[in-house]
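> Pasting a predicted model and its sequence here:
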Amino acid sequence: MSRLATSTAPSIGAGYSESLTKVHASHRTRSLTSEVAALVRPRIAMMVLVTVFAAMWLTATPGGLAWLPTMLVLLGTGLVAASSSIANQILERESDRLMPRTAGRPLASGRLSVAQGWWLTGASLVVGLGFLAGAGGLGAAVVAAVTWLIYVVAYTPLKRVSPLNTAVGAVAGALPVGIGWLAADGPTRLLAGDAAGALATAALGTVLYLWQFPHFMAIAWLYRRQYSDAGLQMLTVADPSGLRAAGQSLAAALALVPVSLVLAVPSGSIRMFLTAGLASIVYACGAIWFAINRDDRSARRLLLTSLAVLLVLMAAAIGFGGPTDRLLGP
């Protein structure tokens, strides 16, 4: 009996130790994955990818897109977007620590070092630009690099200086449309007489620029006290009454209505026209409600509306504005 106990005990101990090691390894893997996800901010990256794909789809020839180059362009864009997000969090780690909304981010909390952050920033930027240059052309890579510079070098530090940061950041948010247009050989098609892709892409970029003002003003209102404590010069900090933020939101949302309808012109799609018109009118109503009330409830409603409207507009652009539906150009 004692020999049996002696012979089985080491086996049980070894098995337990091995299982424990696997558990710790699995935990470390999940922890690293969650940290990287927090750095990359997948929802923002996904918005950028959908934007680029929509621009490519609107620009494509009637035969559609070649899927391997398209996937490589999206991969490259995602890596550049991840790089800009990480660089932003490196530069804002001090102010992030002062806001409950962002204090738990990996760099702000110290779970990842600044050196690790810069390494990830550089690696993802270089690899991403390489994919873009190879699959989408040098022009697409240049636009991605310019977008990165505007977001990291201009928008991020400007948040500590001026409420104009939103207007500058909106440029970076709209520029990925240019990546898609260039990657789908938009200039060549335009020179060949295809005005449809250029018009649709220009409308899409303008839609994205205008869409960002109500979206980010709603966020700026909801977290105005945290932004103030962190020393970030959002418009709701410079004007606590919210009048200027509401005014910019309303102006942009109203301008979005006619611009969104232009998305339907190249394809001539009635479904596109009705969908874009209805979505933009709903957005304008949300901005009007926020302008009237200027409270957390109306701001939160505007924020949720903005996300739904963007999803609908992108889905409509891809579903109803594709290359097989062209009325303008060859």
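Received, thanks.
> Do a quick rundown of the helices in the stretch 201-330 of the chain.
Under the criterion DSSP state H, counting those that start in this stretch, the stretch 201-330 of the chain carries helices at the ranges 224-230, 235-238, 243-262, 270-293, 296-320.
> Any idea how many residues pack against the closest residue to Arg189 other than its chain neighbours?
Nearest residue to Arg189 in three dimensions, chain neighbours excluded: Gly197, at 5.6 Å (CB to CB, 6 or more residues apart in numbering). C-beta coordinates here come from the backbone N, C-alpha and C atoms, glycine included. Gly197: 28 surrounding residues under other CB atoms under 10 Å.
> Distance check, Gly197 against Ala317.
Computed as CB to CB, to the nearest Å, the Gly197 to Ala317 distance reads 12 Å.
> intersection of neighbour lists for these two?
Common contact partners of Gly197 and Ala317 (CB atoms under 8 Å, 6 or more residues apart in numbering): Leu58.
> can I get the helices of the stretch 201-330 of the chain in a markdown table with distance to Thr147, mean neighbour count and mean pLDDT?
Below are the helices of the stretch 201-330 of the chain laid out as a markdown table (distance: least, CB to CB, whole Å; neighbours: other CB atoms under 10 Å; pLDDT from 0 to 100):
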| stretch | distance to Thr147 | mean neighbour count | mean pLDDT |
| --- | --- | --- | --- |
| helix 224-230 | 24 | 18 | 96 |
| helix 235-238 | 23 | 21 | 96 |
| helix 243-262 | 20 | 20 | 97 |
| helix 270-293 | 24 | 19 | 96 |
| helix 296-320 | 18 | 19 | 95 |
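> quick one: low-confidence parts of this structure?
Judged by pLDDT under 70, the chain has its weakly predicted residues at 1-30, 322-330.
> hey, where'd the helices end up in the stretch 1-150 of the chain?
Counting by DSSP H, counting those that start in this stretch, the helices of the stretch 1-150 of the chain are 2-40, 42-59, 67-91, 93-97, 106-109, 114-136, 138-149.
> Tell me which of the ones you listed lies nearest to Leu263.
helix 42-59 (8.3 Å; CB to CB).
> residues making contact with the closest one?
Residues contacting helix 42-59 (CB under 8 Å, 6+ apart): 65, 70, 73-74, 77-78, 81-82, 85, 176-181, 183-186, 189, 197-198, 200-201, 204-205, 208, 266, 310, 314, 317-318, 321-323.
> what does stretch 234-241 give?
For stretch 234-241, using CB under 8 Å, 6+ apart, the contacting residues are 159, 163, 165-166, 217, 220-221, 224, 227-228, 242, 244-245, 248, 294.
> Pick out the most distant pair among these.
The farthest-apart pair in the contacts of stretch 234-241, when distances are taken by CB to CB, is Lys159 and Arg294, at 21.8 Å.
> between these two, which one's more packed in?
Neighbour comparison, Lys159 and Arg294: the larger count goes to Lys159, with 23 against 16 (by other CB under 10 Å).
> ok, now which ones touch the closest residue in space to the more buried one that isn't next to it in sequence?
Nearest-residue entry for Lys159: Asn165, 4.5 Å, with adjacent residues in sequence omitted and distances by CB to CB, 6+ apart. Contacts for Asn165 (CB under 8 Å, 6+ apart) come out as 155, 158-159, 233-234.
> at 10 Å instead, please
Asn165 makes contact with 154-159, 216, 220, 232-235 under the criterion CB atoms under 10 Å, 6 or more residues apart in numbering.
> circling back: out of the contacts of stretch 234-241, which one sits closest to Pro100?
Nearest member of the contacts of stretch 234-241 to Pro100, counting by CB to CB, is Tyr227, at 11.7 Å.
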